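[1] mind looking at a prediction? Sequence and model below.
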Amino acid sequence: MCGIIGYIGHQQAYPILINGLKRLEYRGYDSAGIALLNGEIKVFKKQGRVRDLEAFVAPSLPLEASIGIGHTRWATHGEPNDVNAHPHMSHTLNFAIIHNGIIENYDALKEGLVERGYSFASETDTEVLVHLIEEIYRVSDVSAEDAVRLALQKVQGAFGILVLCKSEPNVLIAARRSSPIVIGLGDGEFFVASDATPIIQYTKNVIYLDDNEVAVLRADDLSIKSIRNIPRIPQVQTLDLELEAIEKGGYPHFMVKEIFEQPKTIRDCMRGRVSRADGEVHLGGLVDVMPRILKARRIIIVGCGTSWHAGLLAEYLIEDLARVPVEVEYASEFRYRDPVLTADDVVIAISQSGETADTLAAIQLAKSAGALVLGICNVVGASIPRLTDAGVYIHAGPEIGVASTKAFTSQVTALTMFALMLARARRTLSDERYNACLQALQLLPEQVRLTLDNTAPKMQQIAPRFADATNFLYLGRGYNFPVALEGALKLKEISYIHAEGYPAAEMKHGPIALIDENMPVVFIAAKDRFYEKILSNILEVKARKGVVIAIVTEGDTRIAELADYVIAIPETDEVLIPILSVIPLQLLSYYIAVLRGCDVDQPRNLAKSVTVE
């Protein structure tokens, strides 16, 4: 992994590839490279950023070619360096390849190739694949397309690949299994990428490859077959995406832009789903499967990282409002621990990108057991919405910052609507309680705007006090425990400060030993049923000289007398407090990371879409 771009057509390929790689930088990477085909295949690759690749290529400009491929790599096999960067060339320099994913049986394939005289320059599994393609091409006397298909039949694992062949200079070959590939349709040209962001400025008409499909592209022709050579009929879709959505729009970073987009993204998530007229919640993507949802004996939620935190919040919401048992699982553990699943279960998979490898594997496991599988996803056309039985798009728009912000609050908004819809159908809430939740939900976008306006200046003032901290502790109870986890994750992701989230009551069972005058402790302490309990926890921290930052409800004076720093959010129903209380935590992480000189949008070692284990 991580980013793929390819072009074939009538334009010069190099500017399109470089521009595409810049659009893909948000995914996280440690090296970048391109290959251009014009008589010979010329490869340029460099450890570091795309700008480093541009500087490396500059002495060789202009580069004349109307076909080429580009890649940003996030290291899996082999350390980040120039040699391991993509593209990789075959032994005779006849093939070039870029690859997202992992070839799980690369050791066995490599051993066989070494026995046949092949040598390897890199430590990557990708170089094994390109040599295998060349071996089949050379020995079997087949076309490049057939060589790719036959090679992929021998491969175990995940791949999204683009392949060039010097002997067939008018062909670009793409293939996927568990790693996304999207093809943009132009006028006598095609654009290929790992997601739509590098394509949108050229075309809105796209085709998403399905698993085990191979696309053969010429400037004026496209054909798609399975790796078993069965023709497929492509389905053209129209991208619901504007170029402005993937640009910074005057903000210094994508992350802060996306934080401030949350009033709009939450409103977009609710649009057409929360009806003022009839007082109902409508999630159209679930209508056909609601009878089965209502019969479920339990709901299992799977996700990774921030999506797991949204799932944990959903557990509180669904059990509290709809009275259905819920279990929340890390997708990476769920897929391997042999869980007990039946056709009476509903599994909800949450993923911003819709391509998270562990979550996809969890979905496949659940489907094999006969469970109903629902998806909560942001990216239209991604693998998860195509693999699940039904689901809900969160409509947050493209999230470029690697650390998720607006997608999290939209996920929680969608899950809150789901819990309310389920509660209404199961008649587990009184009309008064249901209507109170619905009214609070309708006020939410404006309250998010007020929270941003009021807390951003305060967090910017507070951040310098903690920019040199080495540890943080985040504490919350009930609905706000998952917010503590999410706040800690945001800080560690982008500022590299060690941070931990805990249920506030668990502080006495270990973490209290860490508290002294150097330990900042963030309390999510808005007024809810646990307010008196959280007040006691604050007193315990202050007794040990801890520095308290408290997120409170407007008008709270009791905690204001105790805490060192107080940030107020509007009063709302307790089920929606997490959406408001997480916003100051997002801002605190952002401002601290900026002061520390961190790469906020592309934190080290992280990738936006984790398409490998």
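    Sure thing, it's come through. This is a predicted model, so every value here is computed, not measured.

[2] who touches residue 585 in this structure?
    474, 483, 486, 487, 490, 491, 522, 524, 551 (C-beta atoms under 8 Å, 6 or more residues apart in numbering). Any C-beta I mention is one placed from the backbone N, CA and C, and that applies to glycine too.

[3] give me the pLDDT for the closest residue in space to the fourth one that isn't next to it in sequence.
    Leaving out its chain neighbours, the residue that sits closest to residue 487 by C-beta to C-beta, 6 or more residues apart in numbering is residue 585, at 3.5 Å. At residue 585, the model reports a pLDDT of 98.

[4] and if you look at residue 608?
    pLDDT recorded at residue 608 is 66.

[5] what do you get for residue 546?
    pLDDT, residue 546: 88.

[6] in this structure it contacts residue 516, no?
    Yes: Residue 546 lies in contact with residue 516 (C-beta atoms under 8 Å); the separation is 7.0 Å.

[7] the more surrounded of these two?
    A direct count of neighbours by other C-beta atoms under 10 Å for residue 546 and residue 516 places residue 546 higher, at 21 against 10.

[8] how about the helices in the stretch 251-400 of the chain?
    Along the stretch 251-400 of the chain, the segments classed as helices by DSSP state H, counting those that start in this stretch run 254-260, 262-270, 290-294, 306-317, 331-334, 357-368, 383-387.

[9] tell me the mean pLDDT over the fourth one?
    The one in question is helix 306-317. 97.

[10] got the angle for it vs helix 357-368?
    Relative orientation of helix 306-317 and helix 357-368, computed by axes from the mean of the first three to the mean of the last three C-alpha atoms, to 10 degrees: 50 degrees.

[11] what lies in contact with helix 306-317?
    With contacts defined as C-beta under 8 Å, 6+ apart, helix 306-317 is touched by 301-303, 326-328, 330-331, 348, 350-352, 356, 359, 376, 404, 407-408, 411-412, 415-416, 418-419, 478-479, 481-483, 485-486, 489, 575, 578.

[12] please pick the buried ones from these.
    301-303, 326, 328, 330-331, 348, 350-352, 356, 359, 376, 404, 407-408, 411-412, 415-416, 418-419, 478-479, 481-483, 485-486, 489, 575, 578 (16 or more other C-beta atoms under 10 Å).

[13] among these, which ones are in strands?
    Using DSSP state E, the subset of these located in strands is 301, 302, 303, 326, 328, 330, 348, 350, 351, 376.

[14] so which of those comes closest to residue 192?
    Proximity of those to residue 192, judged by C-beta to C-beta, is greatest for residue 351, which lies at 22.6 Å.

[15] need the per-residue pLDDT for the closest one.
    So residue 351 comes in at 93 (pLDDT).

[16] so what's it closest to, chain neighbours aside?
    Distances taken as C-beta to C-beta, 6+ apart place residue 359 nearest to residue 351, at 4.8 Å, with adjacent residues excluded.

[17] so how far is residue 146 from the one you found?
    Distance of residue 359 to residue 146, computed by C-beta to C-beta, to the nearest Å: 33 Å.

[18] same check, this time on residue 439
    Counting by C-beta to C-beta, the gap from residue 439 to residue 146 is 62 Å.

[19] okay, the two: which has more neighbours?
    Set side by side, residue 439 and residue 146 show more neighbours around residue 146, with 16 against 13, by other C-beta under 10 Å.

[20] packing partners of the strand or helix carrying the more buried one?
    Secondary structure assigned from DSSP states H and E places residue 146 in helix 144-152. Counting contacts by 3 or more C-beta pairs under 8 Å, 6 or more residues apart in numbering; DSSP states H and E, helix 144-152 packs against helix 125-140, strand 159-165, strand 172-177, strand 213-218.
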